[in-house]
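S.K.: got a sequence here, can you model it:
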Amino acid sequence: MGLSRITLTGIDERTDLSKVWMLSKMHPLVEWGVLYDQEAGRGGQYATRPFILDLLEFAGRSGVNLSLHICGRTVHKLLDGDATLMEMSYQFPRIQLNIRHKQDPINRINLLRFIEDRKKPVITQHNDNNVEVTPHLASVYHEVLFDSSEGTGKEIDQFSYMAYKRRCGWAGGLNIENLPRLLPKMYLAAQDRAWWFDLESGLRTDGCFDINKAEQVLKISREVCIGRSNCP
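M.R.: Numbers count the residues shown, from 1 in each chain. Sure thing, here's the model as predicted:
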C-alpha cells in the first residue's frame, strides 16, 4: 500500500487555485486541506463558507483532492446535527475533526454515529488530549492522525503505527527543512500499510498559506520516495 496522501492544509481565498490545479496534475497524491471554524473571523487561517462552496465547485471541475478540517465549537455543532454543516461536510471525500477531548469534551456516541452514518473517511487526532477517544471509534471509516503538536508546530518525536486496523498518518512541526529527515522514519514505521502525512504551520509565510512551500514539499516527497511504493 504505502503512502496514500500528502495533505497540505490551509488553502483559503488568497491561494492561487490555478497553481493548486497544476500541482495536483503533477502530484496525484496531494490533498488540499481547508480549515473551517464558523466562529472565526475573516482573514485569519480559516476559510469562509462561500470560499469553501466555490472550492467544491472548482474540485468538481478539476478533480483535485480536498479535505475539510473542522475546528473549535463548530465540531460540536456538526455532531449535534447542524443541517448546514452536515450538508457541506458530506461533500468532502475526507474530513478531519480537530477535537481536544480533555479540554472540551466531545460526545463520543454522537461522534461514532456521525462517522458511521457518513460512510466516508473521518480523521481524528491522536494525542494526550484524545487518548480516551481513539479506542472507542471502532469504525472502518475512522482514520487516525498522530499529532501531538495540535497546530503549534512542535516537531514529531515518535513514530509508531497503531495496532487498530485503520489508516494512520503523521503531523506535527513538519516543514521543508526537516521533511527530508523525518519522512524516511514515517516510511519505516508504516512499513507496507497505507498512511499519509499532513502539514499546516510549516506551509505558512507571514501567517498565510504559501503555495511555493507546498510545491517544495511535494518535490522533497518525490525525491525521498524514489525506490519506494506510491511516489507522489
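
S.K.: in the protein, where is pLDDT below threshold?
M.R.: Residue ranges of the chain with pLDDT under 70: 41-43, 149-154, 157-165, 226-232.

S.K.: show me the helices in it, by range?
M.R.: 17-26, 49-62, 74-79, 83-89, 108-118, 179-190, 211-225 (DSSP state H).

S.K.: tell me the most buried of these?
M.R.: The highest average neighbour count among those, using mean count of other Cβ atoms under 10 Å, belongs to helix 74-79 at a mean of 20. No exception for glycine: its C-beta is placed from N, CA and C like everyone else's.

S.K.: now do stretch 117-137: distance from first to last residue.
M.R.: 13 Å (Cα to Cα, to the nearest Å).

S.K.: list the contacts for L203?
M.R.: Counting by Cβ atoms under 8 Å, 6 or more residues apart in numbering, L203 touches L8, T9, G10, N175, F209, D210, K213, A214, V217.

S.K.: with D12 instead?
M.R.: Shown here is D12, whose contacts under the criterion Cβ under 8 Å, 6+ apart are V34, L35, Q45, Y46, A47, T48, F51, F209.

S.K.: same question for S89.
M.R.: Contacts for S89 were tallied using Cβ under 8 Å, 6+ apart; they are L68, I70, L78, I95, R118.

S.K.: the second one bridge partners, please.
M.R.: Following DSSP bridges, I70 is listed with bridge partners Y36, L97.

S.K.: now it: how far from E177?
M.R.: As judged by Cβ to Cβ, to the nearest Å, I70 and E177 stand 29 Å apart.

S.K.: now, which of the contacts of S89 sits nearest E39?
M.R.: Of all these, E39 sits closest to I70, with 11.5 Å by Cβ to Cβ.
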